[in-house]
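Engineer: My questions are about this predicted structure, shown below with the sequence.
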Amino acid sequence: MLLIGRCALRFASMLAHAPMVSHVATMDVAVSPKTRVDKAHWAHLWDEVITSGLCTGCAGCVVACPHDVLGYDDTLGVYKPFHLEAEDGPGGCGHGDRGCTSCTRACPRFRSWETEIDGFLFKRSREDDEVAGISKDIILARATDKTVLDKGQDGGLVSAMLLFCLEKGYIDGALVSYLEGDGSTWKAIPGVARTKEEVLAAAGSRYTYSANTMAYGQAVEMGLQKLALVGMSCQSSVPPVMGARKVGKVTKKFALNIGLLCSKTFDDAIFEELFEAKYGLKKADMVKMNIKGVFQIWMKDGSYHEVNLKECHQWTRDGCMTCPDFAAEHADISTGGIGAFNDWTLTIVRTDLGRKIMIEMLEAGLIEGRPGDDDPGAIELMRKLSIVSRRRWPEKVNFKGPRLGIPPPKPKAPAPAVAAV
Ligand SMILES: Cc1cc2nc3c(=O)[nH]c(=O)nc-3n(C[C@H](O)[C@H](O)[C@H](O)COP(=O)(O)OP(=O)(O)OC[C@H]3O[C@@H](n4cnc5c(N)ncnc54)[C@H](O)[C@@H]3O)c2cc1C
Ligand code: SF4
Ligand code: SF4
């Protein structure tokens, strides 16, 4: 109570009394969650998503496969699923031929995934101006515990939320990302967090890929029942697409879905090929990184370096090239670091569960909050970056959902009149 202050309590009460859907829908009817997956299986996923360039590497298909015949290649920057049984070729699956459809049901890039999930989660279609997804509240939030705030990438909201949800029994584990070994390779790997030490060890951002969904198997082996998934936008559509398409057992274990805003991740090779080769910055000597208009790198010797983002672009991971989701549009709560205030997390509250947890944390004094209107530039930037990402969804794909809201190209300026000689 002392830490949060009266102002933040008023803010919590404002959230509690806000209408449950802040954006007025013109189409009020519930969208049918009827799936467009039909009888499609691995062969269709292989053709329409994996080899067509839509696959993000989110690993939803791998964790949903009830026959354990899908593997996941996270070596040498691949980050893609593959079939473990080679006899029918890479795109063949005997279980699929016999009627199994779990992988396509769990894929948040298969056919009309976006509209299906919107209908399932929000019971309505998206408006043209909702390019960053449907939401209830946008606020700025940060942890009041200094250790959590210091360890967090921005306001430490994600870690504070995991700690709160573990303590209150909302979850009994979280699928997060760690650095492998002693951290000197900067290889981001999925893992499970159940304690304060583990949550804080996972805090902060790495800008290479970590399919946190892949820690699901480990969590199940530990006997965990109520999981939070922390993941980039692509991963945060996994639990709700499974819900919308009724994958069943796996879906039920996801109790909370926390999204990270994301415009791209980089190939692991960027460390050697750019940071070390051009700037002499060895990954073993790095202590922290962030992206704020430039790639920021802090070294063990106390030095600080900036690398122009344009230079980094050629190391964009393949799986990000067609990704249309910047704002983690299907999470319970989406979080980002854009905006004027460095140590606050831009927080997009999307579901009733997300709002309930935010209110309880504010009232318990575990986070402080301020209205999103304090930083209108951040919200406008989120909108612009969402449009940039949505333009990546290929026009040739039949399912146009993710291209909704993209403004038409600006008309060309008329050619200057040529004066008669
Ligand atoms: C690859 C990536 C790209 C991002 N791009 C943007 C962006 O363009 N704009 C923007 O506003 N915000 C972006 N973010 C989100 C931002 O960096 C913060 O994660 C977010 O604001 C939450 O901050 P926090 O202090 O509340 O979280 P913290 O308390 O620091 O918790 C962060 C959580 O993220 C998990 N995590 C860290 N790295 C990864 C990873 N590589 N893969 C999966 N999970 C991971 C950690 O395990 C931890 O649980 C990005 C994050 C990542 C990981
Ligand atoms: S996008 Fe995700 S679920 Fe779909 S094929 Fe790729 S890894 Fe599997
Ligand atoms: S841009 Fe981010 S959210 Fe999209 S595929 Fe890449 S990692 Fe996933």
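Structural biologist: On my side now, so go ahead. Just so it is clear, the model here is predicted, and its values are computed rather than measured. Ligands and ions are numbered 1, 2, ... in the order given.
Engineer: how would you label the residue lying closest to Gly372 once chain neighbours are set aside: helix, strand or coil?
Structural biologist: Closest residue to Gly372 apart from its sequence neighbours, by C-beta to C-beta, 6 or more residues apart in numbering: Ile138 at 3.6 Å. All C-beta spots, glycine's among them, are computed from the backbone N, C-alpha and C. Look at Ile138: counting by DSSP: H, G, I helix; E, B strand; the rest coil, its state is strand.
Engineer: Against Leu261, how distant is Ile138?
Structural biologist: Applying C-beta to C-beta, to the nearest Å, the value for Ile138 to Leu261 is 12 Å.
Engineer: ok, now Gly181?
Structural biologist: Taken as C-beta to C-beta, the span from Gly181 to Leu261 is 28 Å.
Engineer: Neighbour count for these two, which is higher?
Structural biologist: Using other C-beta atoms under 10 Å as the criterion, Gly181 and Leu261 rank with Leu261 on top: 25 against 9.
Engineer: List the contacts of the more buried one.
Structural biologist: Contacts for Leu261 (C-beta atoms under 8 Å, 6 or more residues apart in numbering) come out as 233, 326-328, 334-338, 346, 382, 385.
Engineer: Highest neighbour count among the residues you listed?
Structural biologist: Ser334 (31 neighbours).
Engineer: Which strand residues bridge that residue?
Structural biologist: Under the criterion DSSP bridges, Ser334 forms beta bridges with Gly259, Ile348.
Engineer: heads up, I number from 206, so please use that
Structural biologist: With the count now opening at 206, the last piece we talked about shows up as Ser539.
Engineer: you'd agree it is up against Phe531?
Structural biologist: No: if you go by C-beta atoms under 8 Å, Ser539 and Phe531 don't touch, sitting 9.5 Å apart.
Engineer: what residues do these two have in common as contacts?
Structural biologist: Contacts common to Ser539 and Phe531, judged by C-beta under 8 Å, 6+ apart, are 438, 466.
Engineer: just for this protein, where's the confidence low?
Structural biologist: Low-confidence segments of the chain, defined by pLDDT under 70: 206-241, 623-626.
Engineer: near ligand 1, which residues of it?
Structural biologist: Counting by C-beta under 6 Å from any ligand atom, the chain comes close to ligand 1 at 357-364, 381-382, 393, 407-412, 415, 417, 435-437, 465-468, 470, 540-543, 550.
Engineer: Where strands are concerned, which of those count?
Structural biologist: 381-382, 393, 435-437, 465, 540-541, 550 (DSSP state E).
Engineer: what does the stretch 206-355 of the chain have sitting close to ligand 2?
Structural biologist: Residues of the stretch 206-355 of the chain lying near ligand 2 (C-beta under 6 Å from any ligand atom): 250, 254-255, 260-266, 286, 311-312, 314.
Engineer: Same list, those, but as a markdown table with secondary structure and neighbour count please.
Structural biologist: As requested, those are exported to a markdown table (DSSP: H, G, I helix; E, B strand; the rest coil; neighbours: other C-beta atoms under 10 Å):
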| residue | secondary structure | neighbour count |
| --- | --- | --- |
| Leu250 | helix | 29 |
| Val254 | helix | 23 |
| Ile255 | helix | 21 |
| Cys260 | coil | 23 |
| Thr261 | coil | 29 |
| Gly262 | coil | 27 |
| Cys263 | coil | 30 |
| Ala264 | coil | 26 |
| Gly265 | helix | 30 |
| Cys266 | helix | 26 |
| Pro286 | strand | 27 |
| Ala311 | coil | 27 |
| Cys312 | coil | 30 |
| Arg314 | coil | 30 |
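Engineer: In the stretch 306-455 of the chain, what residue comes closest to ligand 2?
Structural biologist: Nearest to ligand 2, among the residues of the stretch 306-455 of the chain, is Cys312, at 3.3 Å (C-beta to the nearest ligand atom).
Engineer: on that earlier part again, could you rank the ones in strands among the residues of the chain next to ligand 1 by neighbour count and give me the top one?
Structural biologist: Counting neighbours by other C-beta under 10 Å, Thr550 leads those with 31 neighbours.
Engineer: picking that back up, quick one: contacts for the residue nearest to Gly577?
Structural biologist: Counting by C-beta under 8 Å, 6+ apart, Ile343 has contacts 551-554, 577, 584.
Engineer: Farthest pair within these?
Structural biologist: Val554 and Ile584 (13.2 Å; C-beta to C-beta).
Engineer: Regarding Gln501, what is its secondary structure?
Structural biologist: strand.
Engineer: got it, and Ala337?
Structural biologist: coil.
Engineer: Tell me how many other residues surround it.
Structural biologist: 26.
Engineer: Roughly how far does it sit from Arg588?
Structural biologist: 6 Å.
Engineer: right, is stretch 408-423 up against ligand 2?
Structural biologist: No: under the criterion of C-beta under 6 Å from any ligand atom, ligand 2 is not reached by stretch 408-423; the shortest gap measures 7.6 Å.
Engineer: Whatever residue of the stretch 456-605 of the chain ends up closest to ligand 2: how many residues sit nearby?
Structural biologist: Using C-beta to the nearest ligand atom, Gly524 is the residue of the stretch 456-605 of the chain that sits closest to ligand 2, at 7.7 Å. For Gly524, the neighbour count with other C-beta under 10 Å is 23.
Engineer: Spit out the contact partners of it.
Structural biologist: For Gly524, counting by C-beta under 8 Å, 6+ apart, the contacting residues are 260-262, 284-285, 414, 439, 470.
Engineer: do Gln430 as well
Structural biologist: 377, 458.
Engineer: about what we covered before: okay, the contacts of Ile343 in JSON lines with distance to Lys451 next?
Structural biologist: What follows is those, written out as JSON lines (distance: C-beta to C-beta, whole Å):
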{"residue": "Leu551", "distance to Lys451": "33"}
{"residue": "Thr552", "distance to Lys451": "30"}
{"residue": "Ile553", "distance to Lys451": "26"}
{"residue": "Val554", "distance to Lys451": "26"}
{"residue": "Gly577", "distance to Lys451": "34"}
{"residue": "Ile584", "distance to Lys451": "35"}
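Engineer: Can you tell me which of those residues lies closest to Asp350?
Structural biologist: Thr552 (16.8 Å).
Engineer: which helices and strands sit right next to the helix of greatest length in the chain?
Structural biologist: Ranked by residue count under DSSP state H, the longest helix found in the chain is helix 581-595. On a contact count with 3 or more C-beta pairs under 8 Å, 6 or more residues apart in numbering; DSSP states H and E, helix 581-595 meets strand 550-554.
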